[in-house]
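Trainee: can't give you the sequence, but here's the structure:
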């Protein structure tokens, strides 16, 4: 059944029901503030915050433990000339990425898969003249096709992917459907998939569907190939390892909904068409001509983390997602400004996704299952919330230490009164355990992955957490109209000589790695009877 377009997309930040709920919550907060003393109110507020951290850190710890126990099955790959291999559509959204084009084409040609079964669609914005000219200058093989995306708002990657599914012009009724493959995968412009990538994905999806026919998607492993190219690169590398080695695999093992990455997710095309049938088409207007056109809403064109949103859409239709050990090498940002923009886009998209999928809670719980629904939305909304709250808790801790050291007794007693002993000790366990556990995980990851020189940089992870918090505040500020769908473009191609080496070298080993935010680090102040500790 097709439902309201406004309820199903991130075009609006909150639904009417959500605004009413937030208004009632605000009234409740004001009522509590009026009825309680200042100390009582702050005690309640801090107790709720510490309770949130306990649940969120606890959930991530359980997922990580499950991920540590996950093992990919040893599968026999199909032969590259097997006639029974499924046809494949490969979507490659490109925008202002001229520098990566030659290596992208070369890398895709290195894939071991029958050319007659491949349809590679290069998705270009119709006004991106430099990209169009660069593609025209390349002698593309016959199984490559160029799809021009009409110039319209929003200018996002998911809109381009939806255009690849098909487009219908309202004035003429003309329909163009492009996707021909039985399976579909998305690669980014800077991606370097290993040569056996598609064969591994085919084997994995076949294996998972034999166990559970509800599995319609497998997420490949992502790994950064340039962990030493700039200040943010080692931290990105470490986060991808943690995310893919523990978080996503843990979610799959527990039967939860893993938020998909923006690249290298392999779908049954029939499942994507089922999403299109169940979600309202997106009506857009071409900027240059004013003509209206409709695109299928497989991906939410207004969501800047459309991959995570699609995972929830599939779950609401009863489908499941698994992992494959197929490997894609990606390029990490090498500049802090680029990293900040990408970070803020991810956190903004998490908020959008959590907002959309909490608008019809009863319906979604019934479709997804109670535990899966709660875990998914808690992960989506809890991640940015923890990053917003972290500076508050760090600041409160720093303030308390300062007033104790300077013997400002009145301020010290006031802060101490805010934490009852149970709240303090529980918060302390979460703060110390969460911080040390994650730091240990990050620092030891290079040893396990053979990147021995990165450990010294990952000792600086607490500074990276602070940087991520600042990026999250930027994300929150961009939820306003006019910025809500703005897609911060991540520049790529700053070290194309290294990409050439990757493409021409033997197939890399499928190491486990991926993206994730840091575990939140609640830092409660110390109770009266304790001495301040350095953290």
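Mentor: Now that the structure is in, tell me what you want to look at. Everything numeric here is computed off the predicted structure, so don't read it as measured data.

Trainee: I'd say residue 55 and residue 379 touch.
Mentor: No - here residue 55 lies out of contact with residue 379, judged by C-beta atoms under 8 Å, at a distance of 11.2 Å. In this view, the C-beta of every residue, glycine as well, is placed from N, C-alpha and C.

Trainee: Can you give me the neighbour number for residue 84?
Mentor: Per other C-beta atoms under 10 Å, the neighbour tally for residue 84 reads 7.

Trainee: can you pull the pLDDT of it?
Mentor: Residue 84 carries a pLDDT value of 95.

Trainee: Sticking with the nearest residue to it once chain neighbours are set aside, tell me its helix or strand.
Mentor: Using C-beta to C-beta, 6 or more residues apart in numbering and skipping residues adjacent in sequence, the residue nearest residue 84 is residue 78, 7.7 Å away. Secondary structure from DSSP states H and E places residue 78 outside every helix and strand.

Trainee: The longest helix belonging to the chain packs against which elements?
Mentor: Counting by DSSP state H, the longest helix found in the chain is helix 370-405. Helices and strands touching helix 370-405, by 3 or more C-beta pairs under 8 Å, 6 or more residues apart in numbering; DSSP states H and E, are helix 38-68, helix 306-316, helix 336-356, helix 361-368, helix 409-417, helix 461-477.

Trainee: Kindly provide the distance from residue 331 to residue 350.
Mentor: 22 Å (C-beta to C-beta, to the nearest Å).

Trainee: and what of residue 86?
Mentor: 32 Å.

Trainee: okay, the two: which has more neighbours?
Mentor: Neighbours per residue (other C-beta under 10 Å) separate residue 86 from residue 350, with residue 350 holding more: 27 against 15.

Trainee: Show me where the protein dips below the pLDDT cut-off.
Mentor: 1-6, 490-535 (pLDDT under 70).

Trainee: those strands in it, which residues are they?
Mentor: 88-94, 118-125, 144-149, 167-169, 175-176, 183-186, 192-193, 215-224, 265-268, 282-285, 292-295, 320-330 (DSSP state E).

Trainee: could these be laid out in TSV, adding distance to residue 67?
Mentor: Output for these, formatted as TSV (distance: least, C-beta to C-beta, whole Å):
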stretch	distance to residue 67
strand 88-94	28
strand 118-125	33
strand 144-149	37
strand 167-169	40
strand 175-176	42
strand 183-186	23
strand 192-193	23
strand 215-224	12
strand 265-268	18
strand 282-285	35
strand 292-295	36
strand 320-330	10
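
Trainee: Distance to residue 365 and mean neighbour count added to those, as TSV?
Mentor: Formatted as TSV, these follow (distance: least, C-beta to C-beta, whole Å; neighbours: other C-beta atoms under 10 Å):
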stretch	distance to residue 365	mean neighbour count
strand 88-94	32	24
strand 118-125	35	22
strand 144-149	36	18
strand 167-169	34	18
strand 175-176	36	10
strand 183-186	29	26
strand 192-193	37	25
strand 215-224	21	26
strand 265-268	24	23
strand 282-285	26	18
strand 292-295	29	20
strand 320-330	17	23
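
Trainee: Out of those strands, which is closest to residue 452?
Mentor: strand 215-224 (16.2 Å; C-beta to C-beta).

Trainee: helices and strands around that closest one, which ones?
Mentor: helix 197-211, helix 233-242, strand 265-268, helix 269-278, helix 306-316, strand 320-330.

Trainee: Tell me which of these lies nearest to residue 165.
Mentor: Using C-beta to C-beta, these put helix 269-278 closest to residue 165, at 6.5 Å.

Trainee: Give the buried residues for that closest one.
Mentor: Neighbour counts using 16 or more other C-beta atoms under 10 Å place 269, 271-276 of helix 269-278 among the buried residues.

Trainee: Give the other helices and strands that it contacts.
Mentor: Against helix 269-278 (3+ C-beta pairs under 8 Å, 6+ apart) you get strand 183-186, strand 215-224, helix 306-316.

Trainee: closest one to residue 260 among these?
Mentor: Minimum separation from residue 260 across the helices and strands packed on helix 269-278 (C-beta to C-beta) falls at helix 306-316, 4.0 Å.

Trainee: Report the angle between the closest one and helix 370-405.
Mentor: With axes from the mean of the first three to the mean of the last three C-alpha atoms, to 10 degrees defining the directions, helix 306-316 sits at 140 degrees from helix 370-405.

Trainee: Show me what helix 306-316 is packed against.
Mentor: Going by 3+ C-beta pairs under 8 Å, 6+ apart, helix 306-316 lies up against helix 157-165, strand 215-224, helix 269-278, strand 320-330, helix 336-356, helix 361-368, helix 370-405.

Trainee: mind listing what the second one pairs with, with the direction of each?
Mentor: Meaning strand 215-224. strand 265-268 (antiparallel), strand 320-330 (parallel) (DSSP bridges).

Trainee: Looking at these, which is nearest to residue 192?
Mentor: strand 320-330 (4.2 Å).

Trainee: what about that closest one, distance to the chain center?
Mentor: With C-alpha atoms, centre = their mean, to the nearest Å as the basis, strand 320-330 stands 14 Å off its chain's centre.

Trainee: cool, stretch 85-95 as well?
Mentor: 20 Å.

Trainee: Number the chain from 364, please
Mentor: In the new numbering, first residue 364, that becomes stretch 448-458.

Trainee: quick revisit: and residue 737, which of the strands paired with strand 578-587 is closest to it?
Mentor: strand 683-693 (17.3 Å).

Trainee: so who does the closest residue to residue 807 other than its chain neighbours touch?
Mentor: Using C-beta to C-beta, 6+ apart and skipping residues adjacent in sequence, the residue nearest residue 807 is residue 818, 7.8 Å away. Each residue near residue 818 by C-beta atoms under 8 Å, 6 or more residues apart in numbering is listed here: 806-807, 809-810.

Trainee: Can you flag the buried ones in these?
Mentor: For the contacts of residue 818, buried by 16+ other C-beta under 10 Å: 806, 809.

Trainee: Export the contacts of residue 818 as CSV, with columns for distance to residue 411.
Mentor: As requested, the contacts of residue 818 are exported to CSV (distance: C-beta to C-beta, whole Å):
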residue, distance to residue 411
806, 32
807, 34
809, 37
810, 39
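
Trainee: before we move on, the earlier item: now the angle between helix 824-840 and the longest helix of the chain, please.
Mentor: Using the same axes, to 10 degrees: helix 733-768 against helix 824-840 is 110 degrees.

Trainee: In helices only, show me the contacts of residue 818.
Mentor: Using DSSP H, these in helices are 806-807, 809-810.

Trainee: Comparing the helices and strands packed on helix 733-768, which comes out most buried?
Mentor: helix 669-679 (a mean of 24; mean count of other C-beta atoms under 10 Å).

Trainee: Would you confirm that residue 538 contacts residue 528?
Mentor: No - if you go by C-beta under 8 Å, residue 538 and residue 528 don't touch, sitting 11.3 Å apart.

Trainee: Verify the contact between residue 510 and residue 539 for me.
Mentor: No - in this structure, residue 510 is not within contact of residue 539 by C-beta under 8 Å, at 9.3 Å.

Trainee: What is the burial count for residue 400?
Mentor: 9.

Trainee: May I have the phi/psi pair for it?
Mentor: Main-chain dihedrals, residue 400, degrees, to the nearest 10: phi -70, psi 170.

Trainee: mind checking how far it is from residue 407?
Mentor: 11 Å.

Trainee: likewise residue 696?
Mentor: With distances taken as C-beta to C-beta, residue 696 is found 41 Å from residue 407.

Trainee: swap in residue 463?
Mentor: 52 Å.
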